[in-house]
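In: Structure of the sequence below:
(2 chains)
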Amino acid sequence: MEPKVVTRFAPSPTGFMHVGNLRTALYAWLLARKNNGTLILRIEDTDKEREVEGAITHIEKVLNWIGINWDEGPDISGPHAPYTQSERLDLYKKYAQKLIDGGFAYPDPYTEEEVDGFREKAELAGKAFLFREYRPETFAIWDGTKTLRFKVPEIKSYHWNDLVFGDLSAGPEALDDFVLIKSDGYPTYNFCHIVDDIEMGITHVVRGQEYIASIPKYLSLYEALGEKPPHLVCLPHIMGKDGKKKLGKRDGAKDAMEYSEEGYLPEALMNFLALLGWHPAPDKDGIEKEVFSKEELIKVFEIERIQKSGAQWNDDKLDWVNKEHIKKLSPEELKNKIFEWLPEELKNEKLIPVITERISKFADIKDMITRGELDFFLRAPAYPKEKLIYKDVLLEKITTNIKEAVNTLENISENDFNKENVKDSLMSLADKLQSRGELLHPIRFALSGLDKSPDPFTIAEILGKNETISRLQKAI
RNA sequence: GGCCCUAUCGUCUAACGGUUAGGACAUCGGCUUUUCAAGCCGGUAAUUCGGGUUCGAUUCCCGGUAGGGUCACCA
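Out: Have a look, this model is predicted:
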């Protein structure tokens, strides 16, 4: 039987978490939840130069917001604590000693400048730089102050299987005597992530495709340690919306929290992210579903269906997915969400349908307000009388029409003054005219004062009988 | 440049080697109660190219082309 699935998400606290990182976390989480496994959050903070204060808190905030939970991590501890690499230095030293004892590690005898010189020389010669070509004959004793390098056990080609990319291979030039411990005493990612994965019993390593090129190095290290590597899962890149470049912070990959601030629903972003590079199989009836709740996603997720090629970020699709998720909100949730974005004077339940069908994310409400689309609710509009004219119908005729409309609407009692009744009476009146527009347009405009607005019946219901008639009177 | 990876509508993708190459987003057109939005209906639109293998390739193999990744005391 396969052992229990144990995955990890191992970000480095070097800045904000962008959507690319987030998708990696999502797939690792989905894999764990799908298999009733464990997800470990591990902080890889071995680069003290690039570390950014507050980044860990930010990462946790993003994961919490979108709904990715972890079973072990720095905040909740667990059987493999600590979960922050800078607190596990002794462990790496232990493994380093093991490698030294086995003849698989040695102190780098050169200065940084010398190594740079070697690299430059190789570049000038048009060759790839390999440190192992400069490997000393005999190894000095490592006193812990020098950088410690790995000695590749065997220069050979590697073939391995990746759960997404399938069979992969690389030639011997992918192997080198890479740095295990830096001169500042901290281990490199290449070294400590492997130690931790072994120690924490990780069964599946999920990470970006950019690591494929380094995997032979990891494989040779596992070999030197006498350990079996875990299942490797490399994810295709997310590409930027304009070009075909990997989506990185430089080319506009946004802080995941910005999506929260713009009023995207966490489940919608999760849904969209999951679909960027993965698609579920069509169901028995051949239906290709695209809108999934968190639970549904866990149910249908299959690692085998992750794509190999990079997927381009698509804001339009994200907006559509978000709108679909908004539609699935309960009336109570919808109300709360919308009210968060409304000033006090607009917090009225009657406006919810009008707003809902006009937004794809909640920040759109701000734009609606800016454009004055909700002003009709606050005050009677002011407008030049010409605006009431429909096509080339005479103003006198328009006035008559509005008067008739008022008469009709007076017949509806205040309690029955709803959209349906207003529509029924107004439509039967309109049908008597040659064109409905010459009645409906002036009414709509008199009520809203907007070129683009909800239909007059909806507005009438929102305003109520008195205000509706008062605005029509004013128009007359 | 070396090594590696990838290739279906504009985009995300579906398709035991046999389908009129399907769906979704976007786009275009129509319908619905005037405008907008929403909704419904419909249209345009793709297997990178060249060789094989095969009765038959989107699918398997080889090559070209294009794109991407990677070559740190960063992860």
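In: now the helices for the stretch 51-200 of chain A?
Out: A:55-66, A:89-101, A:112-124, A:189-199 (DSSP state H, counting those that start in this stretch).
In: Save the ones you listed as JSON lines, and put in mean pLDDT too.
Out: Below are those laid out as JSON lines (pLDDT from 0 to 100):
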{"stretch": "helix A:55-66", "mean pLDDT": "97"}
{"stretch": "helix A:89-101", "mean pLDDT": "97"}
{"stretch": "helix A:112-124", "mean pLDDT": "90"}
{"stretch": "helix A:189-199", "mean pLDDT": "98"}
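In: Quick check: which of those helices is buried the most?
Out: helix A:189-199 (a mean of 21; mean count of other C-beta atoms under 10 Å). C-beta here means a position set from N, CA and C on the backbone, and glycine is covered the same way.
In: Compute the inter-axis angle for that one and helix A:89-101.
Out: Computed with axes from the mean of the first three to the mean of the last three C-alpha atoms, to 10 degrees, the direction of helix A:189-199 lies at 100 degrees from that of helix A:89-101.
In: Could you pull up phi and psi at the closest residue to A:Asn190 other than its chain neighbours?
Out: Using C-beta to C-beta, 6 or more residues apart in numbering and skipping the chain neighbours, the partner closest in space to A:Asn190 is A:Phe178 (5.4 Å). The phi/psi pair for A:Phe178 (degrees, to the nearest 10) reads phi -80, psi 160.
In: repeat for A:Gln312
Out: phi -80, psi 130.
In: so what's it up against?
Out: When contacts are counted by C-beta atoms under 8 Å, 6 or more residues apart in numbering, A:Gln312 touches A:238-241, A:244.
In: what bridges to it?
Out: A:Met239 (DSSP bridges).
In: Relative to A:Lys366, how far out is it?
Out: Distance, A:Gln312 to A:Lys366, by C-beta to C-beta, to the nearest Å: 28 Å.
In: For the closest residue to A:Ser293 other than its chain neighbours, give me its contacts.
Out: Using C-beta to C-beta, 6+ apart and skipping the chain neighbours, the partner closest in space to A:Ser293 is A:Glu267 (6.2 Å). A:Glu267 makes contact with A:67, A:293-294, A:325 under the criterion C-beta under 8 Å, 6+ apart.
In: Next: A:Val115.
Out: By C-beta under 8 Å, 6+ apart, the residues touching A:Val115 are A:108, A:131, A:134.
In: Is it possible to get TSV of those that adds pLDDT?
Out: Shown next, in TSV, are these (pLDDT from 0 to 100):
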residue	pLDDT
A:Asp108	95
A:Phe131	96
A:Tyr134	94
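In: Of those, which is the nearest to RNA strand B?
Out: Closest to RNA strand B out of the contacts of A:Val115 is A:Asp108 (6.0 Å), distances taken as C-beta to the nearest atom of the strand.
In: do you know how far the residue lying closest to the closest one once chain neighbours are set aside is from RNA strand B?
Out: Sequence neighbours aside, A:Thr147 is the residue nearest to A:Asp108 in space, at 4.4 Å (criterion: C-beta to C-beta, 6+ apart). Here A:Thr147 is placed at a distance of 4 Å from RNA strand B (C-beta to the nearest atom of the strand, to the nearest Å).
In: just for the stretch 151-300 of chain A, where's the confidence low?
Out: Residue ranges of the stretch 151-300 of chain A with pLDDT under 70: A:242-244, A:250-252.
In: what about 90?
Out: Applying pLDDT under 90 to the stretch 151-300 of chain A picks out residues A:239-254, A:283-287.
In: And for the stretch 1-150 of chain A?
Out: In the stretch 1-150 of chain A (pLDDT under 90), the answer is A:1-3, A:112, A:120-128, A:144.
In: Kindly report the same for the stretch 351-476 of chain A.
Out: For the stretch 351-476 of chain A, the ranges with pLDDT under 90 are A:383-398, A:412-416, A:428-438, A:475-476.
In: Return the residues of it in contact with RNA strand B.
Out: A:357-358, A:390, A:423, A:427, A:436-437, A:440-441, A:444, A:450-457 (C-beta under 7 Å from any atom of the strand).
In: List only buried entries from these.
Out: The neighbour count (16 or more other C-beta atoms under 10 Å) marks A:390, A:423, A:440-441, A:444, A:450, A:453-457 as buried among these.
In: circling back: and the contacts of A:Val115 near RNA strand B, which?
Out: Filtering the contacts of A:Val115 for proximity to RNA strand B by C-beta under 7 Å from any atom of the strand leaves A:108, A:131.
In: Relative to its centre, which residue of chain A is most distant?
Out: What lies farthest from the middle of chain A is A:Glu396; by C-alpha atoms, centre = their mean that is 57.0 Å.
In: who's in contact with that one?
Out: Contacts of A:Glu396 (C-beta under 8 Å, 6+ apart): none.
In: check which helix or strand covers it.
Out: helix A:395-410 (DSSP states H and E).
In: With that, I have no additional questions.
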